[in-house]
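K.L.:
Quick one, structure for this:
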Amino acid sequence: MVTLVPTRPGPLSDVPAFSRAVGGAESNVACAMAALGHSARWVSRVGTDGFGECVVAGVAEYGVDVSTVRRDPSRPTGVYFRTAADRGSGAHEVAYYRAGSAASAMSPANVDMNAVRDCRILHLSGITAALSADCHALLHRLTAPAADRPLISFDINYRPALWRGKDAARTLLELARRADIVFVGEDEAAQVWRATGGPGAIRRVLREPGALVVKQGATGATAFHRQAQGTYEPTATLNAVPEGTFEPSPTVAAVSTIGAGDSFAAGYLSATLRALPLRRRLRHGHLLAAATLTTPTDLAPPPTRAHADHLAALDDAAWGRLRLAPGWTQTARAPEEANTP
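P.N.:
Okay, the predicted model is just below:
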């Protein structure tokens, strides 16, 4: 979609002007993966309008393959407006104008399924499932068990405004249970499935995925994994719910939380592709999230791989002393890291 971001704080009724940006959970992840040096493809549909050209050009600028993005001459590109306030704030407002959009018409019949499946990891989002029955059918097809399917990554990404009149709990649970890697916020799980009592309670709801990552805001994240180290094995035996692996977040001087979840997913998936140990995967997720948290935009330049690897390898004490503020990704060793070895 095209995102219209206010030029000053305040309710939408009072904001006089907006600046244009590109927004979208899956495209955010694709852009971050490309910025991290991976080959990334974004498959979607946009209208044959100026906003569509803006979206495709904006995603391609990160080095993402957009060759399979289709233009729909009969439907517009989706647009949404948001306030400057963080999503978790009571002052946050969002207005979606995407009903009948080109992306909402995606289906198994009009999406290049070979292009979608030609990858090591296919990242999907609960947002897409909420857009239309056709979009839900597409995700249902892509998550269907198959010997040759790629590793399926699924971010719950619960957006209440998109689920009005729909059964979000059932749909999201069905799709998540068919995925290999699932990302969900502790707050989201409580809203959607009334799963309270910590990450263990969420794992009891979602026993099927080989990897479940529960994001716990500024506190950290807990991962449940059938294999503690190395490359994920989707055929591993599902045992009783074990104790998850918790990794605290570094201290971050946050500017905005918008897009941080997508960046976390990209950092974790990047580390997964590199077969890094589980704790390092979580730390790379935290570091990518911190890059976005310290900027006002949905996406931010990530730290270099060498920089991120250095920080992810810190001992627990040094990791606990990290203080990441705006601009920390722009130098090989930011001042906020002065206390690290």
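K.L.:
in the stretch 101-250 of the chain, which spans are strands?
P.N.:
Ranges of strands in the stretch 101-250 of the chain, per DSSP state E, counting those that start in this stretch, are 121-125, 151-155, 181-185, 211-215, 220-225, 245-248.
K.L.:
Any chance of TSV for the ones you listed, columns mean neighbour count?
P.N.:
Backbone N, C-alpha and C define where each C-beta goes, glycine included. TSV is the format used below for the strands of the stretch 101-250 of the chain (neighbours: other Cβ atoms under 10 Å):
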stretch	mean neighbour count
strand 121-125	22
strand 151-155	24
strand 181-185	26
strand 211-215	26
strand 220-225	22
strand 245-248	18
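K.L.:
among the ones you listed, which is nearest Gly37?
P.N.:
Distance to Gly37, taken as Cβ to Cβ, is lowest for strand 121-125 among the strands of the stretch 101-250 of the chain, at 14.6 Å.
K.L.:
center of the chain - which residue?
P.N.:
Centroid check for the chain by Cα atoms, centre = their mean gives Asp262 as the closest residue, at 2.5 Å.
K.L.:
how far away is Pro248 from Gly185?
P.N.:
Separation of Pro248 from Gly185 (Cβ to Cβ, to the nearest Å): 16 Å.
K.L.:
between the helix ranked longest in the chain and strand 220-225, how many degrees?
P.N.:
The longest helix of the chain (DSSP state H) is helix 278-293. Note on geometry: by axes from the mean of the first three to the mean of the last three Cα atoms, to 10 degrees, helix 278-293 and strand 220-225 are set 140 degrees apart in direction.
K.L.:
Against which helices or strands is the helix or strand following helix 278-293 packed?
P.N.:
Per DSSP states H and E, the first helix or strand lying C-terminal to helix 278-293 is helix 305-312. Packing partners of helix 305-312 (3 or more Cβ pairs under 8 Å, 6 or more residues apart in numbering; DSSP states H and E): helix 278-293.
K.L.:
so the helix it packs on versus strand 211-215, what angle?
P.N.:
Interaxial angle of helix 278-293 relative to strand 211-215 (the same axes, to 10 degrees): 40 degrees.
K.L.:
ok and helix 278-293 relative to helix 305-312, angle-wise?
P.N.:
Going by the same axes, to 10 degrees, helix 278-293 makes 120 degrees with helix 305-312.
K.L.:
where does the stretch 51-200 of the chain have low pLDDT?
P.N.:
For the stretch 51-200 of the chain, residues meeting the criterion pLDDT under 70 lie at 85-90.
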